[in-house]
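Undergrad: predicted model and sequence below, questions to follow.
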Amino acid sequence: MNILIKGLVKEYEKVALSIDELFIEGGKIVALLGLNGSGKTTLLECIANFKGYDKGIIYYDGEEDFERVRNKISIMQQRPYIFNMPVKENIILGLRYQRLDTKIIEERLKKYNSYYNLNFLDKNAKKLSGGEAAKVALLRAVILERPLLLLDEPTANMDIEGTLMTEKLLKDINKEFGTTILIVTHDIFQAERIADIVIFMDKGKIIEMNTNEEFFNNPKNPLVKKILKRGEVND
Ligand SMILES: Nc1ncnc2c1ncn2[C@@H]1O[C@H](COP(=O)(O)OP(=O)(O)OP(=O)(O)O)[C@@H](O)[C@H]1O
């Protein structure tokens, strides 16, 4: 699914997000980078139409009526909600709502759990560690197999193995279904590993957007240049 954003403004006490125009090509993995408070979550929440916005239009494959595309989008939020029920039920919740055949639900669960091999599917999900809960929330979003996947720092609490498996999972579904994936991350190396397009935000605006290669080899914005240089020396 492609996304076209025009004149988008979201205000809280101050302007949290102000984007003149942004086009995200369908089928791409797009990493959203930026310092704390730069508007990454707000952008994701506007696209997911969580709290509405003050100005602007968002087109989803040319469609501006969100109700018509709602069931094509899934999101994993920064602090995902975990329901007081077994892990398995947390993961397949959306599929249950769709009243899919039990066999199909079990097959999908098996397919996607093969990335993490969670062996505590019957455990109450409220008792999971931060990284375990993140894997459950990620699977809950991915298992729906929707054309647009919005992920807010999905691997922030995961160990390195979980992080790399998540990256493999995202690449695999992107390849299999052409899923458009928008992923917020603070890990520039993760962005470099998986993104086709990288966006850098500052103070509610997009200050740099480029292909992976151009972004990392030839950054234009002074702040981005400075941050990438620091990353290289692991400072
Ligand atoms: N519910 C809210 N009420 C008031 N201000 C908010 C609210 N949510 C976000 N903001 C403000 O909007 C701005 C952008 O916040 P946002 O969460 O989008 O940033 P972010 O780039 O995702 O940050 P982080 O990297 O810390 O997750 C910040 O100044 C934040 O304080």
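TA: Structure's in. What do you need?

Undergrad: for the most centrally placed residue in the chain, list the residues it contacts.
TA: When Cα atoms, centre = their mean is applied to the chain, the residue found nearest the centroid is Leu151 (1.7 Å). By Cβ atoms under 8 Å, 6 or more residues apart in numbering, Leu151 lies in contact with 75-76, 138, 141, 170, 181-184. Where C-beta positions appear, they are placed from N, C-alpha and C, glycine not excepted.

Undergrad: in helices, which of these fall?
TA: Of these, the ones assigned to helices by DSSP state H are 138, 141, 170.

Undergrad: check the residues you listed for burial and list the buried ones.
TA: Listed as buried from the ones in helices among the contacts of Leu151 are 138, 141, 170; burial here means 16 or more other Cβ atoms under 10 Å.

Undergrad: redo the residues you listed as TSV? Include distance to Lys6 and pLDDT.
TA: Converted to TSV, those look like this (distance: Cβ to Cβ, whole Å; pLDDT from 0 to 100):
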residue	distance to Lys6	pLDDT
Leu138	30	98
Ala141	27	98
Leu170	27	98
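
Undergrad: and the residues you listed near the ligand, which?
TA: Among these, proximity to the ligand is found for none (Cβ under 6 Å from any ligand atom).

Undergrad: before we move on, which element is Glu213 in?
TA: According to DSSP states H and E, Glu213 maps onto helix 212-217.

Undergrad: that helix packs against which elements?
TA: Counting contacts by 3 or more Cβ pairs under 8 Å, 6 or more residues apart in numbering; DSSP states H and E, helix 212-217 is packed against helix 188-194, strand 197-202.

Undergrad: point out the most buried one among the ones you listed.
TA: Of those, the one with the most neighbours on average (mean count of other Cβ atoms under 10 Å) is strand 197-202, at a mean of 22.
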